[in-house]
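**Q** coordinates only, sequence not included:
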């Protein structure tokens, strides 16, 4: 059995707020029966944003904050991970999702292509139609984790803490 058969659900992980752009994601799927699982919490200053998201109750499952080990467990079972951020530093959750075999969709904003190159799908965080189309395309796409394991291992090795910190050793000497 392919691990992809066991995977299900669409997940978006991160702080609930305008920068992460979950509201546009939910607006993109409001005419569908897709459910987006949001994992994360909002800052008090983003309470009104959170309330707007909560109004999309037909398309959202608010899971709240989870400890890292639970997020990892969730990602091992998730089919799709999407991050429609306007601004993205190297997105750890996106990287983890990819390494755990999720079909990964990320915003086409700097510096994301620098580390993902052609390994994932890209969306415009400003374009609801693009987000919706990408999600539907990924849901239909066959994905076999075993066939992609070499790319995943390469990515994981390249960006593991050991390798990333290797170039910074001189700072600590």
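**A** Nice, thanks for sending it over. Please read these numbers as outputs of a predicted model, since none were measured by experiment.
**Q** next structured bit after the helix-or-strand element of the chain with minimal mean pLDDT?
**A** Using mean pLDDT, DSSP states H and E, helix 3-6 stands out as the lowest-scoring helix or strand of the chain, at a mean of 52. Helices and strands here follow DSSP states H and E; after helix 3-6, the next one along the chain is strand 10-13.
**Q** Strand partners (parallel or antiparallel) of that next one?
**A** strand 36-39 (parallel), strand 80-83 (parallel) (DSSP bridges).
**Q** would you list these in TSV and tack on distance to residue 104, mean neighbour count and mean pLDDT?
**A** To be clear about C-beta, it is placed using only N, CA and C from the backbone, and glycine gets the same treatment. Shown next, in TSV, are those (distance: least, Cβ to Cβ, whole Å; neighbours: other Cβ atoms under 10 Å; pLDDT from 0 to 100):
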stretch	distance to residue 104	mean neighbour count	mean pLDDT
strand 36-39	15	21	97
strand 80-83	5	27	98
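**Q** Out of the ones you listed, which gets nearest to residue 7?
**A** strand 80-83 (8.5 Å; Cβ to Cβ).
**Q** Next SSE downstream of the closest one?
**A** Counting by DSSP H and E, what follows strand 80-83 is helix 92-99.
**Q** Report the rounded mean pLDDT for that next one.
**A** For helix 92-99, mean pLDDT rounds to 92.
**Q** What strands flank the helix or strand just after that helix, and is each parallel or antiparallel?
**A** Note on helix 92-99: by DSSP H and E, the next helix or strand toward the C-terminus is strand 103-107. Strand pairing for strand 103-107, using DSSP bridges, gives strand 80-83 (parallel), strand 121-123 (parallel).
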